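> 3D, please:
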Amino acid sequence: MDYSALLFIPLGVGLAGLGLIGLLYWLVMREETGTERMREIASFIEQGADAFLKREFKTISYFIVVIAVLLLAGLWPNWQIAFGFVYGAVCSLVATFIGMKAAVRANVRAANLARKSAGKAFVLAFRGGAVMGLIIPSLNLVGISSMCLLVGLSPHNIEVVDLLVGFGFGASLSALFAQLGGGIYTKSADVGADLVGKVEAGIPEDDPRNPAVIADLVGDNVGDCAGRGADLFESNADNLICMMIVGVAFVLAMQALGHPMRPEVAFLFVVFPLLGRSFDVLATTLGVLAARPLKSPVRALNISIITTSAVLAVCFYFLARLVGYVELFFCALLGMVSAIVLALAVQYYTGIGKKPVVETAKAAQMGAAINIITGLSYGLESTAIPLIGVAAVLAASYFIMLPVGGSVAGLYGIAATALGITSMTGIIQSADTFGPIVDNADGIAEMSGIKDEVGEALDELDAVGNITKAITKGYAMGCAIITSAIMLFAYVCEAAKYTHKGVLKSLSDLAHHLVAVDPTFIAAAVLGAITPFLFSALAIRAVGRGAYKMVEEVRRQFREIPGILEGKAKPDYAKCVDISTKYALREMVAPTLIGLIMPIAVGLLLGPWALTAFLLSCTITGAVLATFMFNTGATWDNAKKFIEYGHFGGKGTDTHKASVIGDTVGDPLKDTAGPSLHILIKLVSIVSITLLPLFVAHALII
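This next block holds a predicted model:
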């Protein structure tokens, strides 16, 4: 048997997944779009989203071309890295475009179906979200499998996996632009709409009289949908590539320790992650098909997630048996379980009706300051349980594989755990994209005047969407931390190959390189710790600038357009969309450059081993800071919603206005800086792995 042919399995599965996406898109598009007014509102949203993505992609393309040329010149003759960089970036952008396109087409159809049945609207919105959910693993499989064939990966040529890192670099850079740009866009619009509309004018959310409301609805798609999709696409890509790198290190270590493997068996360990990722497409498809129009949308959603998890668990068991180490099954299972634990922890700290949210809402009775202080305290507390859980999972998976072949085998166990948690991407992203779809559907219903027809159907689905967004934020955080850990290990394995003579048998072989009290290590660790803070400062300030202009514009329209608040004149929605777009594209560049420049500077000035300290420090600090930002912002947001449901006086009261202020403070934390930090900590790692040969050759200190 030609084991190289195994690469055609993930390639074929990926292509089949793209075919399923076409089927799902057709199922969504065949539904009716409702009234003329509904179609008009939906067209505003779609046009705004398309215009933003077109301008964003154009901006990104300039960076892609310049960096590709530099990679080609700096890493020649390994031209495959530069090619992979462009290929990975393009795949990421295509995935976000198609997934978001399906979402903006599904929203008006979900709103129309809600006039008849909340259950049918749920199924349609979930299928619309599944386009993004399926395209992430499908394009990852197609992209990385075809790259493996391009570089000539085979049982007798496994070390060429190094040439795949360009694909991950391209995916990471595109993802950071997409998440950061989308986050700045959506929160500039959201903050402006809330502060002037809700607080000053006292009009409801998604009220058609608010000039910023269309920009806000567009932002749900370019931020929550396109941005989060790009985030999870690059998590999957980076995880697959780095696990393959660690797989090569594992095979070589086992051979050096006296456990030789036939080339075909060694090849199985290298392609293990690609075969494992293939199950994601199958399991997600079955999970989506399991969605039914039940009375309880939450129950229907849980059935889909449980179905996917069960299929994945069975598939991982048989794959682990195939390669001869059932321990890998338990490691992958740990990753899947950690996704659930992280989601539960996030739901406790951010769930409506839970103690942190209720106490934060209660504090708003004493004004915005007490509301903010209370939410801040719970946000700080919320970092403990999730990150302790991640630490426990990393340690457990390491010790599960340790008896197999020492510390390098333990790293491979952690890689399998990362594969396990990222294997849930398809169904989790489907549920997450469901959120913006039903949120937009609710906005379309409000603006088109059919709110009475849909009754509480869309409100119920929107509440489910809030749950799915909370789950995805916790899940994305777990993926980021565990994937970053395996990327750090991949970097260490690569650094050892370039600077350590002989095969790496144990991590203790590197003890003389990794000295914690070395001044260069301390300096690098300090730089790593400040990088997430500097990045976040620029991202949050960008939202502030965009929101300032948005508030100014909404106030101007209320002041200068007669009859707008009486509903007799139409607001200039396009002007607000243009403001959000302009500031998002302008402000997303500087934070991104931080993620590129810092690891390069440390690698060249302090050396490749000091860069290890930078990556470790940046990963841990970024993970804690992102968790804090996510949960704090979500707590303030849901405290506001809890009050809007009629508690502590309800809408229009001073308590409500205080909670809106708290919510607006949290907006750039939970939807701009927080999710972008996830990508930052992976970007610095993949940049370091990609440019490692340059650091070894030209660093001032080795």
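
> contacting residues around the most far-flung residue of the chain relative to its centre?
What lies farthest from the middle of the chain is Pro562; by CA atoms, centre = their mean that is 42.8 Å. Contact partners of Pro562, counting by CB atoms under 8 Å, 6 or more residues apart in numbering, are 568-569. To be clear about C-beta, it is placed using only N, CA and C from the backbone, and glycine gets the same treatment.

> I'd assumed it was in a strand, is it?
No - using DSSP: H, G, I helix; E, B strand; the rest coil, the assignment for Pro562 is coil, not a strand.

> Now it: phi and psi?
phi -60, psi 140 (degrees, to the nearest 10).

> What distance do you get for it to Ala212?
Between Pro562 and Ala212 the computed distance is 19 Å (CB to CB, to the nearest Å).

> What of Gly646?
26 Å.

> same deal with Ala230?
24 Å.

> Please apply the same query to Asn371.
Taken as CB to CB, the span from Asn371 to Ala212 is 23 Å.

> got it, and Lys640?
For Lys640 relative to Ala212 (CB to CB), the value is 17 Å.

> Now do the same contact list for the residue most central in space within the chain.
For the chain, the residue sitting closest to the mean C-alpha position, by CA atoms, centre = their mean, is Asp231 at 3.1 Å. By CB under 8 Å, 6+ apart, the residues touching Asp231 are 175, 178-179, 476, 480, 675, 678-679.

> Torsion angles phi and psi at it?
With angles defined as degrees, to the nearest 10, Asp231 sits at phi -60, psi -50.

> ok, now how distant is it from Gly22?
Asp231 is 24 Å from Gly22, by CB to CB.

> same check, this time on Gly197
Counting by CB to CB - Gly197 and Gly22 are separated by 39 Å.

> Ok, Lys354 next?
Lys354 is 40 Å from Gly22, by CB to CB.

> Using PDB, write down the CA coordinates of stretch 552-564.
Coordinates of each C-alpha in stretch 552-564 appear next as PDB, following Å, rounded to 0.1, in the frame of the first residue of the first chain:
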ATOM      1  CA  GLU A 552     -21.100  62.900  16.600                       C
ATOM      2  CA  GLU A 553     -22.800  61.800  13.400                       C
ATOM      3  CA  VAL A 554     -25.900  60.400  15.100                       C
ATOM      4  CA  ARG A 555     -26.300  63.600  17.100                       C
ATOM      5  CA  ARG A 556     -25.900  65.700  14.000                       C
ATOM      6  CA  GLN A 557     -28.600  63.800  12.100                       C
ATOM      7  CA  PHE A 558     -31.000  64.000  15.100                       C
ATOM      8  CA  ARG A 559     -30.300  67.700  15.200                       C
ATOM      9  CA  GLU A 560     -30.200  68.600  11.500                       C
ATOM     10  CA  ILE A 561     -32.800  66.200   9.800                       C
ATOM     11  CA  PRO A 562     -36.300  67.500  10.800                       C
ATOM     12  CA  GLY A 563     -38.800  64.800  11.800                       C
ATOM     13  CA  ILE A 564     -36.300  62.000  12.200                       C
END
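
> What segments of the stretch 401-550 of the chain are strands?
In the stretch 401-550 of the chain, no strands are defined using DSSP state E, counting those that start in this stretch.

> where does it dip in pLDDT?
Applying pLDDT under 70 to the stretch 401-550 of the chain flags the ranges 466, 470, 500-502, 511-512.

> go on, the chain?
Ranges of the chain meeting pLDDT under 70: 1-2, 205-206, 294, 466, 470, 500-502, 511-512, 702.

> Give the other helices and strands that the helix or strand encompassing Ile340 contacts.
Using DSSP states H and E, the element containing Ile340 is helix 327-350. Applying 3 or more CB pairs under 8 Å, 6 or more residues apart in numbering; DSSP states H and E, we find helix 327-350 packed against helix 297-323, helix 355-363, helix 368-381, helix 384-405, helix 407-422, helix 457-499, helix 608-644.

> Ile306 versus Met424, what's the distance?
11 Å.

> Neighbour count: those two, which is higher?
Met424 (27 against 13; other CB atoms under 10 Å).

> neighbours of the residue nearest to the more buried one when sequence neighbours are not counted, just the number please.
Setting aside the residues directly before and after it, Met424 is nearest to Ala339 in space (CB to CB, 6 or more residues apart in numbering), at 5.1 Å. Ala339 has 25 neighbouring residues, counting by other CB under 10 Å.

> Enumerate every residue touching Ala339.
421, 424, 428, 475, 478.

> rerun that using 7 Å as the cut-off
421, 424, 475, 478 (CB atoms under 7 Å, 6 or more residues apart in numbering).

> surely Ala523 meets Val602?
No - Ala523 is not in contact with Val602 according to CB atoms under 7 Å; the separation is 8.5 Å.

> Neighbour count for those two, which is higher?
More crowded of Ala523 and Val602, by other CB under 10 Å: Val602, with 28 against 16.

> Is the more buried one within a helix or a strand, and which one?
Using DSSP H and E, Val602 sits in helix 589-605.

> buried residues in that helix?
589, 591-592, 594-596, 598-600, 602-605 (16 or more other CB atoms under 10 Å).

> Check which helices and strands that helix sits against.
helix 165-192, helix 519-560, helix 608-644, helix 674-690, helix 692-698 (3 or more CB pairs under 7 Å, 6 or more residues apart in numbering; DSSP states H and E).

> Go ahead and name everything in contact with that helix.
So helix 589-605 is contacted by 176-177, 180, 524, 527, 531, 534-535, 538-539, 610-611, 614, 680, 683-684, 687-688, 691, 695, 698-700 (CB under 7 Å, 6+ apart).

> Next, the angle helix 165-192 makes with it.
140 degrees (axes from the mean of the first three to the mean of the last three CA atoms, to 10 degrees).

> Helix 589-605 vs helix 674-690, what angle?
Going by the same axes, to 10 degrees, helix 589-605 makes 30 degrees with helix 674-690.

> Can you check what angle separates helix 589-605 from helix 608-644?
Using the same axes, to 10 degrees: helix 589-605 against helix 608-644 is 150 degrees.

> Now helix 589-605 - C-alpha only, CSV.
Output in CSV follows, covering the C-alpha atoms of helix 589-605 (Å, rounded to 0.1, in the frame of the first residue of the first chain):
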residue,chain,number,x,y,z
VAL,A,589,-3.1,48.3,10.9
ALA,A,590,-1.1,49.5,14.0
PRO,A,591,-2.1,46.7,16.4
THR,A,592,-1.4,44.1,13.7
LEU,A,593,2.1,45.5,13.2
ILE,A,594,2.7,45.0,16.9
GLY,A,595,2.1,41.3,16.4
LEU,A,596,4.6,41.2,13.5
ILE,A,597,7.4,43.4,14.8
MET,A,598,7.7,42.3,18.4
PRO,A,599,8.7,38.6,17.8
ILE,A,600,11.0,39.6,14.9
ALA,A,601,12.8,42.2,17.1
VAL,A,602,13.2,39.7,20.0
GLY,A,603,14.4,36.9,17.7
LEU,A,604,17.0,39.1,16.0
LEU,A,605,18.2,41.0,19.0
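
> So Leu7 sits against Leu150, correct?
No - using CB under 7 Å, Leu7 makes no contact with Leu150, being 10.6 Å away.

> Comparing these two, which residue is more hemmed in?
More crowded of Leu7 and Leu150, by other CB under 10 Å: Leu7, with 21 against 15.

> Report the contact partners of that one.
Neighbours of Leu7 in contact, by CB under 7 Å, 6+ apart: 145, 148-149, 153, 271.
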